[in-house]
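> got a structure for you, letters missing:
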């Protein structure tokens, strides 16, 4: 995401600057955007672990595959905005930072203050930090938790995750990541997990 993209993120009404963001709500579905070769088995693993999931993809065929895989335990929508209205924790499994910026731009105006977005892809760390700053100004939180593994690992719920972000956000993600695999390492602040993946790939 370029600095221009960060500036283009739609505005949200600010809350009091002295107040802490509210905790994640209880009893709401987890949002998941991106039902490709990795995302679909990851969603299946979440549903299999008993989590209520609202899954989103612009490809209706992928939504149908998800329903076939998960049955009545999964709800789907082609609209990212619906996840913003119904979820306060949303996972993104998207191909790159540009896709993350585009989807987040649609999602952000509909999320309640204090909501958490988790990027499970291998985005550019500099773009991740820029996006985190833009979202923070709107009382939204971003965490990078790139998945390590391939579709077979995702299908077996044996992915590894590097996690970058605030300790309380790491804690909020832990039960969901553990449903899909294991946390290999907490790497530090937002962007550090994406940076660690770049180092592994170098």
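Now that the structure is in, tell me what you want to look at. Predicted model, so just to flag it, every value in this text is computed and none were measured.
> C-alpha only now, for contacts and for neighbours.
Fine.
> look up phi and psi at the residue positioned nearest the centre of the chain.
Nearest to the mean C-alpha position of the chain, by CA atoms, centre = their mean, lies residue 91 at 2.2 Å. The phi/psi pair for residue 91 (degrees, to the nearest 10) reads phi -90, psi 140.
> partner residues bridging it?
Beta bridges link residue 91 to residue 32, residue 118, judged by DSSP bridges.
> quick check: it touching residue 107?
No: Residue 91 is beyond contact range of residue 107, at 11.5 Å (criterion: CA atoms under 8 Å).
> buried residues, the top helix by length along the chain. List them.
Longest helix of the chain, by residue count under DSSP state H: helix 167-180. Going by neighbour count (16 or more other CA atoms under 10 Å), the buried part of helix 167-180 is 169, 170, 173, 176, 177, 178, 179, 180.
> mind listing the strands the helix or strand following it pairs with, and their directions?
Once the chain leaves helix 167-180, the next helix or strand it forms, by DSSP states H and E, is strand 181-188. Neighbouring strands of strand 181-188 in its sheet, by DSSP bridges, are strand 159-164 (parallel).
> per-residue confidence averaged over the strand it pairs with?
Across strand 159-164, the average pLDDT comes to 96.
> what angle sits between that strand and helix 167-180?
Using axes from the mean of the first three to the mean of the last three CA atoms, to 10 degrees, the inter-axis angle of strand 159-164 relative to helix 167-180 is 170 degrees.
> look up how far residue 202 lies from the residue nearest to the centre of the chain.
26 Å (CA to CA, to the nearest Å).
> next, count neighbours for residue 124.
Using other CA atoms under 10 Å, residue 124 is surrounded by 17 other residues.
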